[in-house]
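sequence first, predicted model second:
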Amino acid sequence: MIEDISPGTHEPTDRSDTQTHRFRHDPQEQSIVVSIIRAVASVSGIDPLSVEPRLYDVVDPDALETLLGADSAGSDLQVSFPFGSCAVTVTAAGTILVHGDTAENCGS
């Protein structure tokens, strides 16, 4: 399960009008890979199965699971990568940031 912990208005965070949406990953509920896909789908307003490109087309899901697994909890580790027209940053602490110019084109 992910929890959207973004501010309600999703104000732009810089001059380029990029919006940042913040989600919380619960490793007891699902894998980090599923949480990332659901976060991007939530921002995009689409079904998680419809997110394009597929996550495995842009990053190695097994590597993400290994890097951001239970052993990394409490570290300052973060991984960032482009995902469609979004940029995604995932931290070892369980925060998922989805940066996109508009919600409509972030994951489709």
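Cool, the structure landed. Numbering: from 1, shown residues only.

from Glu52, how far off is Leu91?
One correction, residue 91 is Thr, not Leu. Taking C-beta to C-beta, to the nearest Å as the measure, Thr91 falls 25 Å from Glu52. Using the backbone N, CA and C atoms, a C-beta is placed for each residue, glycine as well.

those two: which is more packed in?
Neighbours were counted for Thr91 and for Glu52 using other C-beta atoms under 10 Å; Thr91 has more, 17 against 11.

contact partners for the residue lying closest to the more buried one once chain neighbours are set aside?
Nearest residue to Thr91, sequence neighbours excluded (C-beta to C-beta, 6 or more residues apart in numbering): Gln78, at 4.5 Å. Contacts here follow C-beta atoms under 8 Å, 6 or more residues apart in numbering; on that basis Gln78 touches 89-92.

Ala87 too?
80-81, 98-100.

that one belongs to a helix?
No - counting by DSSP: H, G, I helix; E, B strand; the rest coil, Ala87 is not part of a helix but strand.

please consider this matter closed, and thank you.
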